[in-house]
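Engineer: Here is my input; please provide its structure:
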Amino acid sequence: MQDTQRDEELSGLCSRLDLGIRDLALLDRALTHASILPENEESTHDYESLEFLGDAVLGLAVAHYLYEHVPDRAPGDYSRMRAGLVNRRCLAQVATELDIAPAIRLGKGEEMAGGRKRKALLADCLEALIGAIYLDRGWEAVREFVARAFEEQFGHELAAERVWDFKSLLQNYCQAKRIPLPEFTVVRSEGPDHRKEFEVEVSLGGAPIGRGRGTTKKEAEQNAAREALEHEGQRTE
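Structural biologist: This next block holds a predicted model:
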């Protein structure tokens, strides 16, 4: 493929996905697999270093999105949600939806082996693409792209996250049983401000049925509610 044809192909991809990347050589690198290097003297770089950068940038963009849209959660909750989004399956799905596969440059052997459909390769190229956006346009452009490209995946993850809201589940349980709503009481708080730990007790009808600990009151309440739900589930079995 001649340089002008490649430039036209990449310009079309930029326009279709609204990437705004000005350096087409950088975009070309993000979509070039190492298998083509021995076959093409003009190709001297593949996507691997951009993939490394893009992986870190994507992780931060997803963490920032979750911090803004699901505030005041425990670090473990954030890590779990992020893991549900930044994984090979999810990245390959987004890459497929964006239809970046036709623009990936592959060697003949990799092409014949079906590399253009491999989830790992698609995921790698998407991360490299994100790295290219970061280098060419900066952080805010990456945040906007990730929010747009992963919109459906974010929606699924946030919907699933509501299942983990044990406090709301416990309140719903009380309403269904027509009993008073649970009462949460901080029974212990210790440690310096930057590493404080809370312990919360939850009661139903004045009877304590669960305790939970956490680095915030909300985390401790969630853990107390989870223990209360487990207690109620065991009692009614």
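Engineer: burial of T185, as a residue count?
Structural biologist: Using other CB atoms under 10 Å, T185 has 13 neighbouring residues. The way it works is simple: take the backbone N, C-alpha and C, and place the C-beta from them, glycine included.
Engineer: What strand or helix carries I209?
Structural biologist: strand 207-214 (DSSP states H and E).
Engineer: who's in contact with that strand?
Structural biologist: Applying CB atoms under 8 Å, 6 or more residues apart in numbering, the external contacts of strand 207-214 come out as 74, 187, 197-203, 219-232.
Engineer: Quick one, which of those are buried?
Structural biologist: 74, 198-203, 219-229, 232 (16 or more other CB atoms under 10 Å).
Engineer: So which of these sit within helices?
Structural biologist: Among the buried ones among the contacts of strand 207-214, the members found in helices (DSSP state H) are E219, A220, E221, Q222, N223, A224, A225, R226, E227, A228, L229, E232.
Engineer: Go through these and name the one nearest I36.
Structural biologist: Distance to I36, by CB to CB, is smallest for E219 among those, at 49.2 Å.
Engineer: And the pLDDT for the closest residue to that closest one other than its chain neighbours?
Structural biologist: Distances taken as CB to CB, 6 or more residues apart in numbering put A74 closest to E219, at 4.4 Å, once the chain neighbours are dropped. Turning to A74, the model gives it a pLDDT of 72.
Engineer: how far away is D28 from M112?
Structural biologist: Remark: distance between D28 and M112 (CB to CB, to the nearest Å) = 22 Å.
Engineer: now swap in L53 and tell me
Structural biologist: 30 Å.
Engineer: Those two: which is more packed in?
Structural biologist: L53 (17 against 9).
Engineer: which ones are touching the most centrally placed residue in the chain?
Structural biologist: Nearest to the geometric centre of the chain sits L85, at 3.2 Å (CA atoms, centre = their mean). Residues in contact with L85 (CB under 8 Å, 6+ apart) are V62, F150, Q153, F154, E157.
Engineer: Once you drop chain neighbours, what's closest to it?
Structural biologist: If the residues on either side of it in the chain are set aside, L85 comes closest to V62, at 5.2 Å by CB to CB, 6+ apart.
Engineer: swap in Y47?
Structural biologist: A128 (3.7 Å).
Engineer: on contacts alone, who are the packing partners of whatever helix or strand that neighbour lives in?
Structural biologist: Assigned by DSSP H and E, A128 belongs to helix 119-137. Counting contacts by 3 or more CB pairs under 8 Å, 6 or more residues apart in numbering; DSSP states H and E, helix 119-137 packs against helix 24-30, helix 48-69, helix 88-98, helix 139-149.
Engineer: Would you agree G191 is in contact with E197?
Structural biologist: Yes - using CB atoms under 8 Å, G191 is in contact with E197, at 5.2 Å.
Engineer: Low-confidence bits of the protein, can you list those?
Structural biologist: Low-confidence segments of the chain (pLDDT under 70): 1-2, 41-43, 161-164, 234-237.
Engineer: give me phi/psi at Q153?
Structural biologist: When read as degrees, to the nearest 10, the backbone of Q153 gives phi -70, psi -40.
Engineer: For D7, see how far away it is.
Structural biologist: On the measure of CB to CB, Q153 and D7 end up 31 Å apart.
Engineer: Give me the more crowded residue out of these two.
Structural biologist: Legend: neighbour count by other CB under 10 Å for Q153 and D7, higher for Q153 (19 against 15).
Engineer: give the contact list for that one.
Structural biologist: Counting by CB under 8 Å, 6+ apart, Q153 has contacts L85, C90, Q93, V94.
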